[in-house]
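Undergrad: Can you look at this prediction? I've put the sequence above it.
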Amino acid sequence: MEQEYIYGVSRIRALESSLFTDETINQLMQCQNYAECLNFLRDKGWGNGNPEQTLEQMLWTEKERTWQVFYDIVKNKEESRILTIKNAFHNLKAAIKQVCTGLEIENIFVEGGSIEPEFMKECIRQGEYHMLPDDMAAPAKEATEVLLQTGDGQLCDMIIDKATLEAIKEAGKRSENSLIRKYANSQVVIADIKIAVRCAATGKDSEFVQKALVPCDELRITELVTAVNGGLDSVCSYLESIGYGDAVKALKVSKSVFECWCDNKIIADIKSQKYNSFTIGPIIAYVLARENEIKTVKIILSGKKNGFDNEFIRERVRIMYA
């Protein structure tokens, strides 16, 4: 198995040299305006070389480029699934909403899912949920029925979001790769923390919170539900008691800083893969690093386009992998 990834990791090491560093992001921040930012990105090789290409088109080009590299290198679908789960379930959620509402919204589906959105939509239209993967079939049926019968889009989202986390957790448990296990665990923990914070802030009842959370080793669900019932301060106290004081500090600054902390923790967790040369780990880390990079570029340029000052934008900037 180690021999299988020697070539792939060598290719990734070459590509890592073009990843943005924190300094590169700082240079992008120093651009005077939106147009100058776009030129900066083109000079770095982003996009297809067409000066008329929009930001959204440029970002889409970079996402496709990243996933093409991944699929060129990784042939083992089981090992690569950890990266496609979130996108696949996002597309499932979008497919359910399109079928149930009859609204065809452009650019609602994302790259990197393991199943064609049109196939998902046809399964939902025909009620043939069994044609979907096992971990999608039941939640797809439940979410579709909820949306059709109650029109409750939030409950529909919760059903699919929980199924996403359960699939990620299971993929982590099945994997022999340490990065995949660590990444899966971090995804569940951070998602549970986000859910608790959001539910405490919006006054969700215990039943909703219990249904939304996914059990994991680092959090006691019953204690977290109790904390949510006590409000946001109670959630913060619980998080501090289990070693997540940094998350609380970020949350007390602003929601944006908290979201930034969540993404930064994932990047911090995968940085060890820079020194690993014989497993799929560095390849997965590269894809996650690129997605983080693309997300950060979008945040910066959206801020520039809307006239926000650098201090406002910097609060939302993620750390880089490189």
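TA: Received the coordinates, thanks.
Undergrad: remind me which residues of this protein are low pLDDT?
TA: Across the chain, the ranges flagged by pLDDT under 70 are 1-3.
Undergrad: which residue is nearest the centroid of it?
TA: residue 86 (6.7 Å; CA atoms, centre = their mean).
Undergrad: gap between it and residue 163?
TA: 11 Å (CB to CB, to the nearest Å). All C-beta spots, glycine's among them, are computed from the backbone N, C-alpha and C.
Undergrad: and the residue nearest to the centre of the chain, what does it touch?
TA: For residue 86, the contacting residues are 164, 168, 187, by CB atoms under 8 Å, 6 or more residues apart in numbering.
Undergrad: There's contact between the second one and residue 85 in this structure, I believe.
TA: Yes: with the criterion set as CB atoms under 8 Å, residue 168 and residue 85 qualify as a contacting pair; they are 5.3 Å apart.
Undergrad: Doesn't the residue nearest to the centre of the chain lie inside a helix?
TA: Yes: assigned with DSSP: H, G, I helix; E, B strand; the rest coil, residue 86 falls within a helix.
Undergrad: For residue 194, see how far away residue 200 is.
TA: Computed as CB to CB, the residue 200 to residue 194 distance reads 11 Å.
Undergrad: Tell me which of these two has more neighbours.
TA: The residue with more neighbours, out of residue 200 and residue 194, is residue 200; 21 against 14, by other CB atoms under 10 Å.
Undergrad: buried stuff in the helix or strand hosting residue 145?
TA: Residue 145 belongs to helix 134-150 when assigned by DSSP states H and E. By neighbour count on 16 or more other CB atoms under 10 Å, the buried set for helix 134-150 is 135, 136, 137, 139, 140, 141, 142, 143, 144, 146, 147.
Undergrad: quick one, what contacts residue 43?
TA: Applying CB under 8 Å, 6+ apart to residue 43 gives no contacts.
Undergrad: residues contacting residue 291?
TA: Per CB under 8 Å, 6+ apart, neighbours of residue 291: 63, 66.
Undergrad: please redo it, this time with the cut-off set to 10 Å
TA: Residues near residue 291 by CB atoms under 10 Å, 6 or more residues apart in numbering: 62, 63, 66, 67, 83, 86, 87, 112, 263, 266.
Undergrad: Could you do residue 231 as well?
TA: 200, 201, 203.
Undergrad: again, but for residue 170
TA: Applying CB under 10 Å, 6+ apart to residue 170 gives the contacts 81, 85, 135, 184.
Undergrad: rewinding a little: and for residue 168 and residue 85, which residues touch both?
TA: 135, 184, 187.
Undergrad: So what's the residue count around the last one?
TA: Translated: residue 187. Residues near residue 187, counting by other CB under 10 Å: 23.
Undergrad: So it is in contact with residue 168, correct?
TA: Yes: with contact defined as CB atoms under 10 Å, residue 187 counts as touching residue 168 (5.0 Å).
Undergrad: Need the residues touching each of these two.
TA: 82, 85, 86, 214.
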